[in-house]
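Chemist: build the 3D model from these lines:
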Amino acid sequence: MSNAPTALSARAMLDRLVGFPTVSSVSNLDCIAFIKDYLASHGVESRLVPNADGTKANLYATIGPNVPGGVVLSGHTDVVPVESQAWTSDPWTVAERGGRLYGRGTCDMKGFDALVLAAVPAMTRARLARPIHIAMSYDEEVGCLGAPDMVEAMIATVPTPSAVIVGEPTRMQVVTGHKGSLSFHTEVTGHTVHSSRIDQGVSAVMVAARLVTWLADAMAENARRADPANPFAPPYTTLHCGVIHGGTAANVVAANCSFVTDIRAIPTEDPAAYRDRYLRYIREEIEPGMKRIAPDSGVKVLPRSIVLGLKPETDGAAERLVRRLTGDNGSHVVSYGTEAGLFQRPGWSTVVCGPGDIAQAHQADEYIEVSEFEAGERFLGRLIADCCA
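Modeler: Reported below is the predicted structural model:
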C-alpha cells in the first residue's frame, strides 16, 4: 500500500507523480498502486490491466453513473529517460522557477494526469448525469504498448462513451488528427571475407546502405507529390533511419548490420503498405544477388512498434465538446503520435487536448508553464459541470 492521502491539490499531485521515475524501461507498479489507493480513498473502484509478466499495468476507473455517453480522460504514466541530459535540477522533483514547473513528465504527460486525479474529489461530489472515465496506460513512449489491452478491456466493461480526450500537451488546442507510425528492425546477414576479395563476400553494411537509400528515395517521392493543402508538417509520409550498427574493420567485409526504420504516415495512408513495398524490394531486388554469392546470407525484418493515426472526424462529438469547453475553433493536426487512434478504432469519438507545449517534451529541464497547468485545471472544472447537465 502506498498510503495515498485522501485529497491533494493539483500541484501536490504533480509532485507525487513526478516523484515516481516511471521510465519505460522499468516498472510503473508503484505509481499505479499510488493512483489506485488514491482513487479508493474517494470510493472509486479501479481496474488494472497488467502486461504479460505482471511488471507493469494500465488502470481505468469510472466515476458517476454506469451509463453510455460518458467522457474518457486518457493519460500515460511512463516517461522518457533522463540519462545523458544536462538537467539543472533534480528531474524527479518538481521545481518552480519563473512561472514554470520543471521535472521529467511535467509536460508529457504527468501534468495532465495530476490535474485529472486532483479533480477526482470534485467529480465524486458532483451530480454527474454521465460518467467520467479515467484511463492511465503504460509504455506509451515506446510504441503505445500498454493501451491496446486497456482499450479492449474498456470496450468489454465500459458503456460506450460519447468522447475521449487524450491529454497530451497541445496548449489546450483541439487536435483532431495526427500521423500514424510503424517502426521495425532490419537485420542484414552478409558473408565476411577480406575486403580485397569483396567479390567473394556479401557486405551487410553495403546492403543496409541500399535499403536505407530505398527509404530515402521513397520519402523524396512522397515530398515531390505532396499536397500543399495537407495540414501536416511535413505534408507527406516520412521514412527515417535513426540508428544503424554494423561492421568490424575497414578491411573486413561486414558480416552483420542492423538498423531501425520509423515510418510516420499521414492518416490517409497506411504505414504497413510502405513496409510491404520494402519487403518486396528486399525479396525481389536485394536477396537474390546476395544468395548467389552466399546462400546463408539474407535480410530479416522484425516488428518493433505500431501507433495508429488519428483521423479527423466529420462533426465529431469529442471535437464539439472540447471546442465548446475551450473556445478553440482553430484547425489543428500534429505529426507526433498518441494513443488517440486506439480509442478511435472501436468508433469512440476522440480528440487530443491537454496543457503544455510538446516542444518541451523529452527535453532536459522539461517543464510546463504554470499558466498552462492552471488552464488545464479550469478546463476540467468546466468538463465536470458539463457532465452534470
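Chemist: low-confidence bits of the stretch 151-300 of the chain, can you list those?
Modeler: For the stretch 151-300 of the chain, no stretch is flagged by pLDDT under 70.
Chemist: where do the helices of it begin and end?
Modeler: Using DSSP state H, counting those that start in this stretch, the helices found in the stretch 151-300 of the chain span residues 204-224, 271-281, 287-293.
Chemist: confidence score at the closest residue to residue 180 other than its chain neighbours?
Modeler: Closest residue to residue 180 apart from its sequence neighbours, by CB to CB, 6 or more residues apart in numbering: residue 309 at 3.1 Å. Any C-beta I mention is one placed from the backbone N, CA and C, and that applies to glycine too. At residue 309 the predicted local confidence, pLDDT, stands at 92.
Chemist: count the neighbours of residue 309 for me.
Modeler: The tally of other residues near residue 309 (other CB atoms under 10 Å) stands at 23.
Chemist: low-confidence ranges in the stretch 1-150 of the chain?
Modeler: Flagging of the stretch 1-150 of the chain using pLDDT under 70 yields the residue ranges 1-5.
Chemist: helices of that one, start to end?
Modeler: So, for the stretch 1-150 of the chain - with DSSP H, counting those that start in this stretch - the helices run 10-18, 29-41, 110-118, 120-125, 147-157.
Chemist: of those helices, which is nearest residue 333?
Modeler: Proximity to residue 333 (CB to CB) singles out helix 110-118 among the helices of the stretch 1-150 of the chain, at 19.4 Å.
Chemist: run the chain-centre distance for stretch 65-85.
Modeler: 10 Å (CA atoms, centre = their mean, to the nearest Å).
Chemist: how about stretch 369-380?
Modeler: 22 Å.
Chemist: mind listing what's buried in it?
Modeler: 369, 372-373, 375-377, 379-380 (16 or more other CB atoms under 10 Å).
Chemist: list just the nearest of those residues to residue 219.
Modeler: Nearest to residue 219, judged by CB to CB, of those is residue 372 at 33.7 Å.
Chemist: which strand or helix spans that closest one?
Modeler: helix 370-388 (DSSP states H and E).
Chemist: return the most buried member of the helices of the stretch 1-150 of the chain.
Modeler: Most buried of those by mean neighbour count (mean count of other CB atoms under 10 Å) is helix 110-118; its value is a mean of 27.
Chemist: contacts only, for residue 381.
Modeler: 119, 122 (CB atoms under 8 Å, 6 or more residues apart in numbering).
Chemist: cool, residue 128 as well?
Modeler: Listed by CB under 8 Å, 6+ apart, the contact set of residue 128 reads 63-65, 384, 387-388.
Chemist: try it again with 6 Å
Modeler: Neighbour list for residue 128: 64, 387-388 [criterion: CB atoms under 6 Å, 6 or more residues apart in numbering].
Chemist: list buried residues within these.
Modeler: Here, 16+ other CB under 10 Å leaves 64, 387 buried among these.
Chemist: residue 15: which of the helices of the stretch 151-300 of the chain is closest?
Modeler: Among the helices of the stretch 151-300 of the chain, helix 271-281 sits nearest to residue 15 (CB to CB), with 38.6 Å.
Chemist: in that closest one, which residues are buried?
Modeler: By neighbour count on 16+ other CB under 10 Å, the buried set for helix 271-281 is 271, 274-275, 278, 281.
Chemist: let me know the closest of these to residue 318.
Modeler: Distance ranking of these against residue 318, using CB to CB, places residue 271 first at 23.8 Å.
Chemist: the closest one reaches residue 184, doesn't it?
Modeler: No - contact between residue 271 and residue 184 fails when scored by CB atoms under 6 Å: they sit 9.9 Å apart.
Chemist: got the end-to-end distance for stretch 263-272?
Modeler: 9 Å (CA to CA, to the nearest Å).
Chemist: go through that stretch and flag the buried ones.
Modeler: Using 16+ other CB under 10 Å as the test for burial, stretch 263-272 gives 263-267, 269, 271.
Chemist: ok, stretch 327-335 next?
Modeler: 328, 332-334.
Chemist: swap in stretch 77-84?
Modeler: For stretch 77-84, a neighbour-count test (16+ other CB under 10 Å) marks 77-80, 82 as buried.
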